[in-house]
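Trainee: Could you work out the structure for the sequence below:
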Amino acid sequence: MWHNRMAREGGILEELLMEYAKRSPVADNRRIWDLILREWCEREPNLDLYLNTRLDDCETDDNRIRSVDITQHSTESSFRLVSPLFVDGTGDGLLAAAAGADFRIGREGRDEFGESLAPPQGDDKTLPCALYVVAHRREHPIPYSPPEWAVTHDDCGAFPHRPHVVDKFSQGKSLNQDGSAIQLFWWFSLGGERDTIKDSEEIYQDLVKEAMGVWDHLKNRCTPETRKAMECYEAVWWSPFPLRRESRRVMGDHLLIEKDIFEARLFED
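Mentor: Residues are numbered from 1 along each chain as shown. The predicted model follows:
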């Protein structure tokens, strides 16, 4: 059966994407996307929005979460939220862990669930963290001098799976409102052999060092053709935190395993 790889969700998400396309028709402006998400939450009469908050603790009783304590750092205010039902959308399973739920970190061994593609022995390795860099093309050359702590990459062989396509650099993947080209770079990931939560700050610093080194390579150390194509580009933004792919995996009623995928197992729900 042929599947459309460009297919996407309908419903509320499609409505949000259509609104985003209307307000930001040319460029991929993440700040506009943030505004839309906030607006749509605020206009829901049965939804209270607490921005810039972090979970501090939770209260459990009879194996259920009864309340959560949060702090809103921007106002130095604390709140206790009581509800019959909580959804952990933290990304790291923070609420589940605070409530004492079972979770795993890392990979299972091959024999634990009979998975032929798993490593022989289980370990704590996870998918690593990434960093995005956004560059805009200007109307004149923009020199770049890397900080002394940036990683140095003199050889293009340091990026074996990142081909230097000059046409993309020259034309840009998309355009700003003023017609200038935009490039979005994602050439590396780090931290999969470290604790992606506890070592997050160190991982981020290493990612920034690599990002500055990649930009230095493209601007100053790559082939003459690429350097020429990149000379009018300026790096204007990079992720303010490491983009995590994996940390805690909260255990539910069923653990999806290799066999479920290969046999296309259907579940009642």
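
Trainee: Could you count how many residues lie near E115?
Mentor: Burial of E115 is recorded as 17 neighbouring residues (other Cβ atoms under 10 Å). Quick note: C-beta positions are derived from backbone N, CA and C, even for glycine.

Trainee: now the strands: where do they sit in the stretch 101-250 of the chain?
Mentor: Taking DSSP state E, counting those that start in this stretch as the criterion, the stretch 101-250 of the chain contains strands spanning 103-104, 129-130, 133-137, 174-175, 181-185, 189-190, 233-238, 249-250.

Trainee: Show me the one of those strands that comes nearest D269.
Mentor: Set against D269 and scored by Cβ to Cβ, the strands of the stretch 101-250 of the chain come closest in strand 249-250, at 17.4 Å.

Trainee: Could you chop this structure up by domain?
Mentor: For the chain, the TED database gives the domain ranges 11-106+247-263, 129-238.

Trainee: and these, which is most packed in?
Mentor: Using mean count of other Cβ atoms under 10 Å, the stretch among the domains of the chain with the greatest mean number of neighbours is domain 129-238 (a mean of 16).

Trainee: Endpoints of that domain, how far apart?
Mentor: End-to-end distance of domain 129-238: 14 Å, with Cα to Cα, to the nearest Å as the criterion.

Trainee: Low-confidence regions, the stretch 151-269 of the chain specifically.
Mentor: Judged against pLDDT under 70, the low-scoring parts of the stretch 151-269 of the chain cover residues 165-184.

Trainee: Same list (the domains of the chain) but as JSON lines, adding distance to L117.
Mentor: Formatted as JSON lines, the entries for these read as follows, by distance: least, Cβ to Cβ, whole Å:
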{"stretch": "domain 11-106+247-263", "distance to L117": "6"}
{"stretch": "domain 129-238", "distance to L117": "17"}
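
Trainee: Among the ones you listed, which comes closest to P120?
Mentor: Each of these was checked against P120 via Cβ to Cβ, and the shortest separation belongs to domain 11-106+247-263, namely 13.9 Å.

Trainee: first vs last residue of the closest one, how far apart are they?
Mentor: End-to-end distance for domain 11-106+247-263, by Cα to Cα: 29 Å.

Trainee: hmm, back to that, of the strands of the stretch 101-250 of the chain, which approaches F86 most closely?
Mentor: When those are compared by Cβ to Cβ, strand 249-250 sits nearest F86, at 12.5 Å.

Trainee: residues in contact with the helix or strand following that closest one?
Mentor: The first helix or strand that comes after strand 249-250 along the chain, using DSSP states H and E, is helix 258-262. With contact meaning Cβ atoms under 8 Å, 6 or more residues apart in numbering, helix 258-262 is reached by F113, G114, E115, S116, L117, A118, R265.

Trainee: May I see the strands of the stretch 101-250 of the chain arranged in CSV, with distance to H217 as well?
Mentor: Rendered in CSV, the data for the strands of the stretch 101-250 of the chain read as follows (distance: least, Cβ to Cβ, whole Å):
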stretch, distance to H217
strand 103-104, 37
strand 129-130, 18
strand 133-137, 12
strand 174-175, 23
strand 181-185, 11
strand 189-190, 16
strand 233-238, 12
strand 249-250, 35
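
Trainee: D123: how many residues sit nearby?
Mentor: For D123, the number of neighbouring residues by other Cβ under 10 Å comes to 13.
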